[in-house]
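Novice: Quick one, what's the 3D model for this:
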Amino acid sequence: MQYSHSKLIINLNNIKNNLNIIKKFSKTTICPVIKANAYGLGDVQIARFLKKNKCKDFWVANISEAIKITKKISNINIYVANGLNKNEEQIFFKNKFIPILNTYEQFKKWTNFLNKKKLFNKLAIQVDTGMCRSGMQDEEILKIYNERSIMKKFKEVIIYTHLASADEKKSNYNSIQKNRFLKIKTMFNLPNCKFSLAASGGIFLGKEYHFDMVRPGIALYGGKLFFKKELKNVVSLISPVIQINRLKKGETAGYNQSYKAKKDIVTATIPLGYADGVKIRISNIGYVFYKNVKLPMIARISMDLMIVDVTKVKNIIKIGDYLEVFGKNLNLDSFAKVSDTSPYDIITSVSERCERVYIN
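Specialist: Numbers count the residues shown, from 1 in each chain. Okay, the predicted model is just below:
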């Protein structure tokens, strides 16, 4: 049954296009980032699609995300970025999740646990090269360096770090972090050690940033298209007209009379508001599209509703017609710019009330 609600349209062909561009650009292992419900697109559906396209390694933020995915999809490696925290050893071990060890304490706890189990498969360690967010800093790096004998027991050890300014190609900080990471790579020059520096932005900084694994997120999902011109927009947010009204010159619309009509206009109301991720700050600033016609948002955006001036199309628009908030006419990056925020913020804020529809 079709209901009159907003929809987030997700173009799987364009995700495949973006994945193939990344594969062409980087010949290393690709570990898609599917944290935060695959940036709001639906983690299980996206992971299943990416697995069909030969991805077997995935990156999530926490155990809850990992458990949700592993209930639906088997035979994949799930790396959990927030690491091994209190009383989590057994659940990581049972589900074969791979914790990203961000502190020496986590390293000791997990390696001691695995030593008792006599299981030495994958070990994942994060080092801090300049974000002061997650990962071991110099003192702790030296501590694990002195425990290389433990690391040698594992079939594979992957050492990660994260770039702070990868979306700024000219930033000197990228080179600073890369050089710090190269020093760490030299320290841990063991046959079983692999290294990963680049997420989406880092991939397109050049091959010297790729190492053994790259971790694309937003580039897969159609954000930050300036990384590479061949990348395609993936998502479209559309919402149906549920009411059409007339507003006379001098009358006001919405809360607190923030909009006053300068002439007689026709308005449409759509069931999309700030509870669905549309920022209240674009009230009276933003716009939507009816087919290819640009229409202004008017009045203050409500929790569940938005008012649009549809005077330009008053003779053809009708109840049930969909308006595009972002997508073909205004891509995710452009809508984020209008909203004075990042595409990450926009895409992860689209509420669950908006049905996810997968095409192609």
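Novice: Please give the centre-to-centre distance between the host helix or strand of F93 and its chain.
Specialist: Under DSSP states H and E, the secondary-structure element containing F93 is helix 89-95. In terms of CA atoms, centre = their mean, to the nearest Å, the centre of helix 89-95 is found 26 Å from the chain centre.
Novice: Now do that helix, average pLDDT.
Specialist: For helix 89-95, mean pLDDT is 97.
Novice: repeat for stretch 347-356
Specialist: Stretch 347-356 comes out at a mean pLDDT of 97.
Novice: Quick check: buried residues in it?
Specialist: If you call a residue buried by 16 or more other CB atoms under 10 Å, then stretch 347-356 has these buried ones: 347-351, 354, 356. C-beta coordinates here come from the backbone N, C-alpha and C atoms, glycine included.
Novice: how long is it from one end to the other?
Specialist: Terminal residues of stretch 347-356 lie 12 Å apart, using CA to CA, to the nearest Å.
Novice: Mind listing residues that contact that stretch?
Specialist: With contact meaning CB atoms under 8 Å, 6 or more residues apart in numbering, stretch 347-356 is reached by 3, 5-8, 10, 36-37, 39-42, 45, 218, 221, 223, 235, 237, 272, 275-277, 332.
Novice: likewise stretch 262-275?
Specialist: 4-6, 237, 239-249, 253, 278, 280, 288, 298, 301-311, 314, 317, 323, 325, 351, 353-354.
Novice: For that stretch, buried residues please.
Specialist: For stretch 262-275, by 16+ other CB under 10 Å, it's 265-274.
Novice: so how far is that stretch from its chain's centroid?
Specialist: Per CA atoms, centre = their mean, the centroid offset for stretch 262-275 relative to its chain is 30 Å.
Novice: just use 3 as the starting number from now, easier for me
Specialist: Sure, I'll start numbering at 3, so the last one becomes stretch 264-277.
Novice: for stretch 107-115, what is the average pLDDT?
Specialist: 98.
Novice: Contacts for that stretch next, please.
Specialist: Stretch 107-115 has contacts (CB under 8 Å, 6+ apart) with 85-87, 91, 94-95, 101, 103, 125, 127, 138, 142, 145-146, 149, 152.
Novice: that older thread, apply the buried test to the contacts of stretch 349-358 and list what passes.
Specialist: Buried among the contacts of stretch 349-358 (16+ other CB under 10 Å): 8-10, 12, 38-39, 41-44, 47, 220, 223, 225, 237, 239, 274, 278-279, 334.
Novice: for stretch 255-264, which positions count as buried?
Specialist: For stretch 255-264, using 16+ other CB under 10 Å, the buried residues are 255-256, 261, 263.
Novice: One more: stretch 325-341?
Specialist: 325-329, 331-335, 337-338, 340-341.
Novice: Now compare these and name the two farthest from each other.
Specialist: With CB to CB as the measure, no two of the buried residues of stretch 325-341 lie farther apart than L325 and D335, at 19.7 Å.
Novice: Just the buried residues of stretch 349-358: which are in helices?
Specialist: 349-351 (DSSP state H).
Novice: Can I get those residues in TSV including distance to I178?
Specialist: Putting those into TSV (distance: CB to CB, whole Å) gives the following:
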residue	distance to I178
I349	29
T350	29
S351	32
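Novice: Tell me the one among those residues nearest to K74.
Specialist: Once CB to CB is applied, the member of those that ends up nearest K74 is T350, at 20.5 Å.
Novice: And the pLDDT at N362?
Specialist: 87.
Novice: Check S6 too.
Specialist: In this model, S6 carries a pLDDT of 76.
Novice: So what's the residue count around the nearest residue to it once chain neighbours are set aside?
Specialist: Spatial nearest neighbour of S6, excluding adjacent residues (CB to CB, 6 or more residues apart in numbering): P242 at 4.8 Å. Around P242 there are 19 other residues, counting by other CB atoms under 10 Å.
Novice: From I160, how far off is P242?
Specialist: 46 Å (CB to CB, to the nearest Å).
Novice: what's the answer for V295, then?
Specialist: 50 Å.
Novice: ranges for the strands of the stretch 203-352 of the chain?
Specialist: 215-216, 237-242, 245-249, 254-255, 261-262, 267-272, 289-292, 295-300, 308-311, 324-328 (DSSP state E, counting those that start in this stretch).
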